[in-house]
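1. okay, here's the prediction I keep looking at, along with the sequence it came from:
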Amino acid sequence: MARTIAVIGGGVIGLCSALALERRGADVTLIDAGPPEKAASHVNAGWVVPSLSQPVPAPGLTAQSLRWMLRSDSPLYIAPRLDPDFARWLFAFWRRCNPRDHRAATEATVALGARTLALYDDLRAAGVAFEEHHDGLLYAYRDPAALAHDYAEMESLGLLDPVASPLLDGDAARALELSLSDAIVGGYWMHNERSVRPDSLVNGLRERLARGTTKLRLGERVVGMGGRNGRVDTVFTDTDSYDVEAVVVAAGAWTPQIVAPLGVRAPIEAGKGYSIDLTPPPPLPEAIGRPLYLHESRVAITPLNGMLRLAGTMELSGLNDRIRPERVRALVNNTHDAIRGWPARTPTEGAGVRVWQGARPLTPDGLPIIGWAPGWRNLALASGHAMMGVTLAPATGEVVAELVVTGTPPETIRPLDPARFA
Ligand SMILES: Cc1cc2nc3c(=O)[nH]c(=O)nc-3n(C[C@H](O)[C@H](O)[C@H](O)COP(=O)(O)OP(=O)(O)OC[C@H]3O[C@@H](n4cnc5c(N)ncnc54)[C@H](O)[C@@H]3O)c2cc1C
């Protein structure tokens, strides 16, 4: 039987990698355990936003997270656990919370995502159908000092052009987005940025692959790999096995457990996030017209066709699918004073309400892990995209395809080399 390139993981990263490989003429088999609605690619805010390229470890986060970490309704919650790997990961993460590492990681992310918007247009041209909105992203602040600080930082990191995205005071922000309340003192609008409906993107990619040459193995779990002399030759699933020419592991927060038996270290923690869909959106004096980022509470609001999605919170509690009601409620409560007329008692369950959770794949330096696994010549990793997986998926697909087809890592993924953790 002809050997195939196995892509493990059918979230946005695996799907975009499979499509880019297929478009270069490769024989691809994509394997995903499912169900899709338990994956980050389904539950996210749907933002395609190169301006959010700052990595999670940031200067000042250490002190802030110490204040947040013990409150289970805060934007960041770290569940206490006795796990030496997690302790090592946390220590490595906190070491990266300094200006030098932060700038370097931002630059590497910007470089990877430089063609993001064009690549999204290219996905559509390649026959991927999905719901997409071109309404930009409005960052909204309650605290003037935080606004001034972040605006200057975004400018200094090259993430914001002050002519295209001037600093807005509260009235200017409200003129742009009528739903904002008087609690908002200002913000800035990244008008080129976009949003997609996450499940429509996943489904659109799957449908496009199903019409092409890629073999989709959905509902099949990879349970092991066999190989020798630095080459993987077989992928075993719970129902089948595949002779492989190369393997791409794009299994998000599950990546470490898939590659560990091969002696490959991928320090990825699950950064659980929640989203809540309100269908139809709550009745408001002015409907929310564009994606909003409520800075202080770190809540993402995305208007989609016929519904509103609220998303956010970061919970480090290991890889599990437990939904903590207090964190879901915090999403709704934190929206309350930023949006004019937001109902005080917005339900978090019942008719018209769907709650989701999903694990962001987080590395200690906040950068994805993309490249050949150390010690293996045909095993590529494509994971660790943290808060940026939707934004960076098409770009990741391109570099993964180039890596696997040519064998040589493209320049942009040198800082993302898995060997940095070996
Ligand atoms: C609340 C929230 C909001 C977010 N908002 C945004 C946003 O607005 N913009 C943005 O760019 N990013 C956002 N993100 C981040 C983004 O969703 C992730 O970075 C991205 O979805 C990661 O994609 P992935 O394909 O790597 O992983 P996943 O989506 O987790 O997919 C991994 C897949 O691997 C499969 N798998 C696991 N183990 C196995 C196995 N053994 N065998 C076979 N298959 C397996 C799983 O079934 C799963 O489908 C958000 C995340 C969250 C949680």
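-> Perfect, I can see it now.
2. what about R265, how many neighbours?
-> As a burial measure, R265 scores 16 neighbours (other CB atoms under 10 Å). Where you see a C-beta, it was placed from the backbone N, CA and C, and this is true even at glycine.
3. so for the residue lying closest to it once chain neighbours are set aside, what's the pLDDT?
-> Once flanking residues are discounted, R265 sits nearest to F421: 5.4 Å by CB to CB, 6 or more residues apart in numbering. Here the pLDDT value assigned to F421 is 94.
4. isn't F421 right up against V259?
-> No - F421 is beyond contact range of V259, at 11.3 Å (criterion: CB atoms under 8 Å).
5. mutual contacts of these two, please.
-> Common neighbours of F421 and V259, counting by CB atoms under 8 Å, 6 or more residues apart in numbering, are A266.
6. circling back to that earlier point, residues contacting the residue nearest to R265?
-> By CB under 8 Å, 6+ apart, the contact list for F421 reads 265-267, 363, 369.
7. out of these, who's nearest A104?
-> T363 (13.7 Å; CB to CB).
8. list the contacts for the closest one?
-> If you count contacts by CB under 8 Å, 6+ apart, T363 has them with 267-268, 369, 384, 386, 421.
9. mind running it again at 10 Å?
-> Residues in contact with T363 (CB atoms under 10 Å, 6 or more residues apart in numbering) are 55-57, 89, 92-93, 96, 105, 266-269, 369, 383-386, 416, 418, 420-421.
10. that one and R354, how far apart?
-> 29 Å (CB to CB, to the nearest Å).
11. for E132, give the beta-bridge partners.
-> For E132, the beta-bridge partners are V196 (DSSP bridges).
12. from memory it sits against P291, does it?
-> No - E132 is beyond contact range of P291, at 11.9 Å (criterion: CB atoms under 10 Å).
13. identify the contacts common to these two.
-> Common contacts of E132 and P291 (CB under 10 Å, 6+ apart): 46, 48, 194-195.
14. of these, which is the nearest to the ligand?
-> Nearest to the ligand among the shared contacts of E132 and P291 is G46, at 5.5 Å by CB to the nearest ligand atom.
15. for that closest one, give its distance to G271.
-> 17 Å.
16. which of these two has more residues huddled nearby?
-> G46 (26 against 21).
17. check contacts around the more buried one.
-> Applying CB under 10 Å, 6+ apart, the residues near G46 are 130-133, 194-201, 275, 291, 300, 302, 304, 309, 311, 390.
18. over to A175?
-> 168-169.
19. what strand or helix carries it?
-> If you go by DSSP states H and E, A175 is part of helix 170-176.
20. list the buried residues for that helix?
-> Of the residues in helix 170-176, 170, 173-174, 176 count as buried by neighbour count, 16 or more other CB atoms under 10 Å.
21. quickly find the element holding D150.
-> Here D150 is covered by helix 144-156, with elements defined by DSSP H and E.
22. what is that helix packed up against?
-> The contact analysis (3 or more CB pairs under 10 Å, 6 or more residues apart in numbering; DSSP states H and E) places helix 144-156 against helix 99-112, strand 137-141, strand 168-169, helix 170-176, strand 186-190.
23. try it again at 8 Å.
-> If you count contacts as 3 or more CB pairs under 8 Å, 6 or more residues apart in numbering; DSSP states H and E, helix 144-156 packs onto strand 137-141, strand 186-190.
24. deepest of these, which one?
-> Highest mean neighbour count of the helices and strands packed on helix 144-156: strand 137-141, a mean of 26 (counted as mean count of other CB atoms under 10 Å).
25. ok now it, how far from the chain's centre?
-> 19 Å (CA atoms, centre = their mean, to the nearest Å).
26. so which elements touch that strand?
-> When contacts are defined as 3+ CB pairs under 8 Å, 6+ apart, strand 137-141 sits against helix 144-156, helix 170-176, strand 186-190, strand 292-294.
27. try it again with 6 Å
-> Secondary-structure packing of strand 137-141 (3 or more CB pairs under 6 Å, 6 or more residues apart in numbering; DSSP states H and E): strand 186-190, strand 292-294.
28. okay, the angle between the very next helix or strand once past the last one and strand 137-141?
-> If I follow you right, that is strand 292-294. Per DSSP H and E, the first helix or strand lying C-terminal to strand 292-294 is strand 299-304. Relative orientation of strand 299-304 versus strand 137-141 (axes from the mean of the first three to the mean of the last three CA atoms, to 10 degrees): 150 degrees.
29. need the CA coordinates for strand 299-304. PDB is fine.
-> Extracted in PDB, the C-alpha atoms of strand 299-304 (Å, rounded to 0.1, in the frame of the first residue of the first chain):
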ATOM      1  CA  VAL A 299     -13.700  39.000  27.600                       C
ATOM      2  CA  ALA A 300     -14.100  38.600  23.800                       C
ATOM      3  CA  ILE A 301     -17.500  39.400  22.300                       C
ATOM      4  CA  THR A 302     -18.200  38.300  18.800                       C
ATOM      5  CA  PRO A 303     -21.400  39.000  17.000                       C
ATOM      6  CA  LEU A 304     -22.200  36.200  14.500                       C
END
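30. for the stretch 201-350 of the chain, what spans make up the strands?
-> 215-218, 222-228, 231-237, 241-249, 269-278, 292-294, 299-304, 307-316 (DSSP state E, counting those that start in this stretch).
31. so which of those is nearest N378?
-> Of all those, strand 241-249 comes closest under CB to CB, at 4.1 Å.
32. next, the angle from that closest one to strand 231-237.
-> Comparing the axes of strand 241-249 and strand 231-237 via the same axes, to 10 degrees yields an angle of 110 degrees.
33. quick one: name the residues of the stretch 101-250 of the chain near the ligand.
-> Counting by CB under 6 Å from any ligand atom, the residues of the stretch 101-250 of the chain lying close to the ligand are 221-222, 250.
34. same thing but at 8 Å, please
-> Neighbours of the ligand within the stretch 101-250 of the chain, by CB under 8 Å from any ligand atom: 195, 198, 220-223, 237, 250.
35. L138 against R174, yeah?
-> No - applying CB atoms under 6 Å, one finds L138 not in contact with R174, separated by 10.5 Å.
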